[in-house]
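Trainee: coordinates for the following, if possible.
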Amino acid sequence: MPELPEVETTRRGIEPHVVGAGIAEVIIRRYDLRWPVSENLPELEGAVFVSVKRRSKYLLLETEAGETVLMHLGMSGSLRVIPPGQDWKKHDHIGITLTNGLQLRYHDPRRFGLVLRVAASEIQAHPLLVNLGPEPLEEDFTGKHLHTALRKKTIAIKVAVMDAKTVVGVGNIYASESLFRAGVHPQLPANKLTKPKAERLVLAIKEVLAESITQGGTTLRDFLNSDGEPGYFKQRLFVYDRKGEPCRVCGTPVSHCVLGQRSTYWCGVCQKR
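Mentor: The predicted model follows:
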């Protein structure tokens, strides 16, 4: 699934082409995504996009008309900025043609994503967004916040930091990498995380996500950034998907288990309970 860095990479990629552009035409080839595409989406024709924001893994394309196009890329979706006359791929479901001569093309092979029209005044209270925790790269995500949020949780720390109510956007790959950098064992009960370790973990999460955004996202099989190219962060991974391979720091074989139904990787020497 495209994670926060992939979505942020996409946001940054499309923003220069979308902001200030009017909506000339909305083409919907399939409505049956995870949440059905809003039937009134074409009524946005004539509106002008004024911003492209991100909340967790959701993109929010805001218009001057007080309406927001809420998007999620699902398990393997992507957004491309292309000429309107470019051939439609098999899983291209939506095209938003812009007045600047470009088209925003929504591609979703598994149809697990969503494209919804939501009033700007209602967006923060939308059921998909209302219970989300802080953004990991914002100032309000601190070691103190994390330590307080986890003090009553007995689940494994890796599962806890992947909970969007604790902090948004720390997906499986980035949780494993952040815990490695912080020297925290993924099976440590969340309520056993000390304040100093919470500070280290928050710093690691911020560093890993920021570096991933700079690199363009992780090279997941299906993910393409807004230019149609894969991301490159996977070249820098220390433990994720490296079961049995030597730790890049100490040489110990990387361990693996399943936590919260997700593959988990760590170094038994560098990461302590």
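Trainee: measure His147 to Leu188 for me?
Mentor: Between His147 and Leu188 the computed distance is 13 Å (C-beta to C-beta, to the nearest Å). Any C-beta I mention is one placed from the backbone N, CA and C, and that applies to glycine too.
Trainee: tally of neighbours for Gln187?
Mentor: 17 (other C-beta atoms under 10 Å).
Trainee: just checking, it is part of a strand?
Mentor: No: under DSSP: H, G, I helix; E, B strand; the rest coil, Gln187 falls outside any strand and is assigned coil.
Trainee: against Leu203, how distant is it?
Mentor: 21 Å.
Trainee: remind me which residues of the stretch 151-273 of the chain are low pLDDT?
Mentor: Applying pLDDT under 70 to the stretch 151-273 of the chain picks out residues 217-235.
Trainee: tell me where it has helices.
Mentor: 157-161, 172-182, 195-215 (DSSP state H, counting those that start in this stretch).
Trainee: the last one to helix 172-182, inter-axis angle?
Mentor: Here helix 195-215 points in a direction 130 degrees away from that of helix 172-182 (axes from the mean of the first three to the mean of the last three C-alpha atoms, to 10 degrees).
Trainee: give me the residues contacting helix 195-215.
Mentor: 4-5, 8-9, 12, 136-137, 141-147, 150, 157, 161, 167, 169-170, 174, 177-184, 193, 218, 231-233, 235-236 (C-beta atoms under 8 Å, 6 or more residues apart in numbering).
Trainee: out of the residues you listed, which end up buried?
Mentor: Neighbour counting with 16 or more other C-beta atoms under 10 Å marks 4-5, 8-9, 136, 141, 143, 145-147, 150, 157, 161, 167, 169-170, 174, 177-182, 184, 193, 218, 231, 233 as buried within the contacts of helix 195-215.
Trainee: doesn't Glu177 make contact with Val161?
Mentor: No: counting by C-beta atoms under 8 Å, Val161 stays clear of Glu177, with 11.5 Å between them.
Trainee: for His91, see how far away Asp32 is.
Mentor: Using C-beta to C-beta, Asp32 is found at 12 Å from His91.
Trainee: what do those two both touch?
Mentor: Joint contacts of Asp32 and His91 (C-beta under 8 Å, 6+ apart) are Arg111.
Trainee: more neighbours: which of those two?
Mentor: Neighbours around Asp32 and His91, counted as other C-beta under 10 Å, are more numerous at His91. The numbers are 16 against 9.
Trainee: pretty sure the more buried one contacts Tyr106?
Mentor: No: with contacts counted by C-beta under 8 Å, His91 stays clear of Tyr106, the gap being 9.4 Å.
Trainee: in stretch 41-55, what's buried?
Mentor: Neighbour-count burial for stretch 41-55 flags Leu41, Leu44, Ala47, Val48, Phe49, Val52, Arg54, Arg55 (criterion: 16+ other C-beta under 10 Å).
Trainee: what sits up against that stretch?
Mentor: 4, 7-8, 11, 14-15, 18-26, 28, 59-65, 67, 69, 94, 98, 115, 117, 129, 132, 135, 168.
Trainee: tell me how far the helix or strand encompassing Thr148 lies from the chain's centre.
Mentor: Element membership for Thr148 (DSSP states H and E) is helix 143-150. Taking C-alpha atoms, centre = their mean, to the nearest Å, the mean C-alpha location of helix 143-150 is offset from the chain mean by 22 Å.
Trainee: same for it, what does it pack against?
Mentor: Packing partners of helix 143-150 (3 or more C-beta pairs under 8 Å, 6 or more residues apart in numbering; DSSP states H and E): helix 157-161, helix 195-215.
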